[in-house]
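Engineer: Any chance you can model this:
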Amino acid sequence: MPEFRNSKGQVVSYDLMIAVFIFLLVFAFALSVWQNSIGAIAGEKILYEMKNSAVQISNQLVMTSGVPSNWHLSGDANLYGFALSRRALSLQKLNAFKALDYNSAKGKMGIADYNFYIKIEQDLNKVYEAGSAESGAEIAINSSRVVSYNGKNAIFYFTLYK
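Structural biologist: Model prediction:
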């Protein structure tokens, strides 16, 4: 057996390079998984907020008369609502809403970062629309309600998109 009196304990440089390489691979993989998870969580958060807003706004519009309830006369509202009674829509309020500035309406509804489109269909015909129709939206959330429009059943669609 050879004698190693003068040799000191040393790490062979190849072993060290392989260990560092493996560590960096594992670290890069973990970092990549973490970044993807953060991105997915952020996307889900936006989607949740949009769904929640779409449902709340569509309920507010078709089930309440707004605050103040005669907002359509002055055009100024703290809260928009189209209802004469629960789910029975006022043509005057719908027309007053359509005449409002789109951006100020978005701001008052609390959706300044998004766009919206409202459509009412009766007997498969579009009888009312307001807002900006979506074109190439990244995310679009739809909420629909059965309402009474002009004394007949209709479907109220509210679309929130980004």
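
Engineer: By residue count, which helix of this structure is the longest?
Structural biologist: helix 13-63 (DSSP state H).

Engineer: Tell me the helix or strand right after that helix.
Structural biologist: Next helix or strand after helix 13-63 toward the C-terminus (DSSP states H and E): helix 71-74.

Engineer: any idea of the mean pLDDT for that following helix?
Structural biologist: What helix 71-74 shows for mean pLDDT is 90.

Engineer: circling back to that earlier point, off-centre distance for the longest helix of the chain?
Structural biologist: Remark: helix 13-63 is offset 17 Å from the chain centroid, using CA atoms, centre = their mean, to the nearest Å.

Engineer: who's in contact with the helix or strand harbouring R145?
Structural biologist: For R145, the host element (DSSP H and E) is strand 140-149. Strand 140-149 has contacts (CB atoms under 8 Å, 6 or more residues apart in numbering) with 47, 50-51, 53-55, 57-59, 62, 87-89, 91, 120, 122, 127-128, 134, 153-162. To be clear about C-beta, it is placed using only N, CA and C from the backbone, and glycine gets the same treatment.

Engineer: Repeat the analysis, applying 7 Å as the threshold.
Structural biologist: The set of residues external to strand 140-149 that reach it, using CB atoms under 7 Å, 6 or more residues apart in numbering, is 50-51, 54-55, 58, 62, 87-89, 120, 122, 127, 134, 153-161.

Engineer: so of these, which ones are in helices?
Structural biologist: Using DSSP H, these in helices are 50-51, 54-55, 58, 62.

Engineer: Can you convert those residues into JSON lines and add a column each for distance to G107 and pLDDT?
Structural biologist: Converted to JSON lines, these look like this (distance: CB to CB, whole Å; pLDDT from 0 to 100):
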{"residue": "M50", "distance to G107": "17", "pLDDT": "95"}
{"residue": "K51", "distance to G107": "20", "pLDDT": "96"}
{"residue": "A54", "distance to G107": "17", "pLDDT": "96"}
{"residue": "V55", "distance to G107": "20", "pLDDT": "97"}
{"residue": "S58", "distance to G107": "18", "pLDDT": "97"}
{"residue": "V62", "distance to G107": "21", "pLDDT": "97"}
